[in-house]
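>>> here's my sequence, what's the structure:
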Amino acid sequence: MPIFDDTQLALQRAISGSALRQQVLANNLANAETPGFQRSDVDFHSTLAHAMKTGDPNAIESTSFSPQVDNQTLRADGNGVDIDVESANMAKNGLEYDALISVSKARTSILRTAMGLGG
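Reported below is the predicted structural model:
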């Protein structure tokens, strides 16, 4: 029996996806005044959900995420970043990341307790 089940693998990949998304969103904000800059985002939810539907732990573990460019232009200078939207996305993603970390820590604590190693 593997130490890490599908749920733990999915949590680890979701944490990685959320961390990458936070970096991409921060880059969007950093370039909010760069003419011609097109925002990017990472849809790790759909990618991970698709891998989980297979039921194959290897598919979950090998899931990778990549930023996708959004070609929508919002301003005359060709920039596609809306600071308010990006800030809201960062806040939401930050909360999700914190929740994923909390769940992962709780699962690890349960395993440690079950093995007699304490919480």
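>>> CA only for contacts and neighbour counts going forward, please
Fine.
>>> what sits closest to D6 if chain neighbours are left out?
Spatially, and ignoring its direct neighbours in sequence, D6 is nearest to P57 (5.8 Å; C-alpha to C-alpha, 6 or more residues apart in numbering).
>>> typo on my end, it should be S40
That would be V69: by C-alpha to C-alpha, 6+ apart, it lies 4.3 Å from S40.
>>> what's the burial count for that neighbour?
Neighbour count for V69, taken as other C-alpha atoms under 10 Å: 13.
>>> wouldn't it be in contact with R39 here?
Yes: V69 is within contact range of R39, at 6.0 Å (criterion: C-alpha atoms under 8 Å).
>>> re earlier: got a pLDDT number for the residue nearest to S40?
Here, the pLDDT recorded for V69 equals 95.
>>> buried residues of the host helix or strand of R13, list them for me.
R13 is part of helix 6-30 when elements are defined by DSSP states H and E. If you call a residue buried by 16 or more other C-alpha atoms under 10 Å, then helix 6-30 has these buried ones: 6, 8-26, 28-29.
>>> in contact with S16, which residues?
Residues near S16 by C-alpha atoms under 8 Å, 6 or more residues apart in numbering: none.
>>> tell me the spacing between it and Q22.
Using C-alpha to C-alpha, to the nearest Å, we find S16 at a distance of 10 Å from Q22.
>>> cool, and V42?
For V42, the distance to Q22 - C-alpha to C-alpha - is 9 Å.
>>> equivalent analysis for Y97, please.
Distance from Y97 to Q22, by C-alpha to C-alpha: 9 Å.
>>> what touches both of these two?
With C-alpha under 8 Å, 6+ apart, Y97 and Q22 have no common neighbours.
>>> coming back round to it: please report phi then psi for the residue nearest to S40.
phi -80, psi 140 (degrees, to the nearest 10).
>>> quick one: contacts for it?
Contact partners of V69, counting by C-alpha under 8 Å, 6+ apart, are Q38, R39, S40, D41.
>>> what sits closest to Q72 if chain neighbours are left out?
Per C-alpha to C-alpha, 6+ apart, closest to Q72 is G80, 5.7 Å.
>>> where do the strands sit along this protein?
Assigned by DSSP state E, the strands in the chain fall at 40-41, 68-69.
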